[in-house]
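A.B. asks: The amino acid sequence is not available; the structure is as follows:
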């Protein structure tokens, strides 16, 4: 089955600097890679996603890159702000029509220092 | 409704009690998922429904866990004879189809004493 590894588990960056979170996956059949942000005590919310036919996707200060050959994908947040502080989860989804089981990484706690 | 709702939001059970957790997905969403999230961990898949059919229940930790979605809308996760290790947040998510964004509910925090 799919296995998703996420690093680092905690990350502290100065406000205004960039943050990078990296994930690897094991199942080459996975073709959908969402990233979720979870603030303390709240539900996970999608912030960006990428499909396997795309190498990079950007949405304002957030970008995601995917290397299918190496089975790596990464989240990049530029010009970090205090409201970016949260736990971020990567995930890999095989997207089968009959059985779809998203596997989440263990999370990265991002702290933005003022 | 505007989003996925879950009830109750908090549940305290004595060890050995049965509990039932409810999920109301976004109207029209075909896919419904249940996850277990332990403190400081990512959501772990429990089970998946497509309409009323339970297509994958490989993540259910034991036969004490049972989920149903009889009419393809509301779903219930039942845990029988609760144990302390069942304490976690149980998240429900729905999506229009597989392989697209899942919308999560607020979760039910279960504490087993």
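C.D. replies: That came through, no problem. Note that the coordinates shown come from a computational prediction; the quantities given were computed from them, not determined experimentally.
A.B. asks: worst-scoring helix or strand of chain A, pLDDT-wise?
C.D. replies: When each helix and strand of chain A is scored by mean pLDDT, DSSP states H and E, strand A:103-104 comes last, with a mean of 91.
A.B. asks: what's the following helix or strand after it?
C.D. replies: Next helix or strand after strand A:103-104 toward the C-terminus (DSSP states H and E): strand A:108-113.
A.B. asks: Report all helices and strands that that following strand contacts.
C.D. replies: Strand A:108-113 sits against strand A:10-14, strand A:19-25, strand A:86-92, with contacts defined as 3 or more CB pairs under 8 Å, 6 or more residues apart in numbering or on different chains; DSSP states H and E. Bear in mind the C-beta positions are built from the backbone N, C-alpha and C, glycine included.
A.B. asks: winner for burial among the ones you listed?
C.D. replies: With neighbours defined by mean count of other CB atoms under 10 Å in any protein chain shown, none of the helices and strands packed on strand A:108-113 is more surrounded on average than strand A:86-92, at a mean of 25.
A.B. asks: Contacts (any at all) between chain B and that one?
C.D. replies: Yes - with CB under 8 Å from any CB of the partner chain as the criterion, chain B is reached by strand A:86-92 at A:89, A:91.
A.B. asks: Show me what the least confident helix or strand of chain A is in contact with.
C.D. replies: Surrounding strand A:103-104, the residues in contact under the criterion CB atoms under 8 Å, 6 or more residues apart in numbering or on different chains are A:1-4, A:25, A:36, A:89-93, B:35, B:42-45.
A.B. asks: one more time with 7 Å
C.D. replies: Defining contact as CB atoms under 7 Å, 6 or more residues apart in numbering or on different chains, one finds that strand A:103-104 is touched by A:2-4, A:89, A:91-92, B:42-43, B:45.
A.B. asks: Pick out whichever of those residues sits closest to residue B:108.
C.D. replies: Lowest distance from residue B:108 to the contacts of strand A:103-104 (CB to CB) belongs to residue B:43, with 13.0 Å.
A.B. asks: sorry, back to before: now the helices and strands packed on strand A:108-113 as JSON lines including mean pLDDT?
C.D. replies: Written out in JSON lines, the entries for the helices and strands packed on strand A:108-113 read as follows (pLDDT from 0 to 100):
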{"stretch": "strand A:10-14", "mean pLDDT": "97"}
{"stretch": "strand A:19-25", "mean pLDDT": "97"}
{"stretch": "strand A:86-92", "mean pLDDT": "96"}
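A.B. asks: The ones you listed: which one's closest to residue B:91?
C.D. replies: Going by CB to CB, the one of the helices and strands packed on strand A:108-113 nearest residue B:91 is strand A:86-92, 11.4 Å.
A.B. asks: Taking strand A:19-25 as reference, get the angle to that closest one.
C.D. replies: On the basis of axes from the mean of the first three to the mean of the last three CA atoms, to 10 degrees, strand A:86-92 is oriented at 30 degrees to strand A:19-25.
A.B. asks: Relative to strand A:86-92, what are the paired strands and their orientations?
C.D. replies: Listed by DSSP bridges, the sheet partners of strand A:86-92 and their directions read strand A:32-38 (antiparallel), strand A:103-104 (antiparallel), strand A:108-113 (antiparallel).
A.B. asks: What angle do strand A:10-14 and that strand make with each other?
C.D. replies: Between strand A:86-92 and strand A:10-14, the angle comes out at 130 degrees (the same axes, to 10 degrees).
A.B. asks: Just the closest of the contacts of strand A:103-104 to residue B:107, please.
C.D. replies: Here the nearest of those to residue B:107, counting by CB to CB, is residue B:43; it sits at 9.3 Å.
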